[in-house]
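**Q** Below: sequence and its predicted model.
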Amino acid sequence: MRELDSPSPRRRESARVALEQRVPSVVHDWLRREFASEDRTQLRMLGLGAGPAELVERALRAARVENVPEPAVTPGPSPEPDVEVDTGPGPGRR
């Protein structure tokens, strides 16, 4: 995981390929987006103290969380406009 931040492009690419080989293909799109971003925090957290099985589990979880579609907002009935109705003098009014 440390090699992902290496100044050497060859080392970064080698680390990226090695990581892609360790995780299922359903995670590859998420990984590519993370590699392309400037913030490598998600990738560092992915491998922090993780063994091979836990790395796969974390990657799957991260990709699922990122790919969960936002619920569609369906427009409901529009609320009635605030209209003040003057009903005449009320209590305490003359």
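**A** Great, that's in hand.
**Q** Against which helices or strands is the lowest-mean-pLDDT helix or strand in the chain packed?
**A** Within the chain, judged by mean pLDDT, DSSP states H and E, the helix or strand with the poorest mean is helix 41-47; its value is a mean of 79. With contacts taken as 3 or more Cβ pairs under 8 Å, 6 or more residues apart in numbering; DSSP states H and E, helix 41-47 sits against helix 28-36, helix 52-67. All C-beta atoms are positioned from the backbone trio N, CA, C, and that covers glycine.
**Q** Switch the ones you listed over to TSV, and while doing so, append mean pLDDT to every line.
**A** What follows is these, written out as TSV (pLDDT from 0 to 100):
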stretch	mean pLDDT
helix 28-36	86
helix 52-67	82
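**Q** Asp5 is nearest to which of these?
**A** Closest to Asp5 of those, according to Cβ to Cβ: helix 28-36, at 11.2 Å.
**Q** quick one: the closest one to helix 52-67, angle?
**A** Here helix 28-36 points in a direction 90 degrees away from that of helix 52-67 (axes from the mean of the first three to the mean of the last three Cα atoms, to 10 degrees).
**Q** In the least confident helix or strand of the chain, which residues are buried?
**A** Across helix 41-47, burial judged by 16 or more other Cβ atoms under 10 Å covers 42-43, 46-47.
**Q** same question, stretch 48-66
**A** For stretch 48-66, by 16+ other Cβ under 10 Å, it's 55, 58-59, 62-63.
**Q** could you dump the residues you listed to TSV with distance to Arg16?
**A** Output for the buried residues of stretch 48-66, formatted as TSV (distance: Cβ to Cβ, whole Å):
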residue	distance to Arg16
Leu55	14
Arg58	17
Ala59	13
Ala62	16
Ala63	15
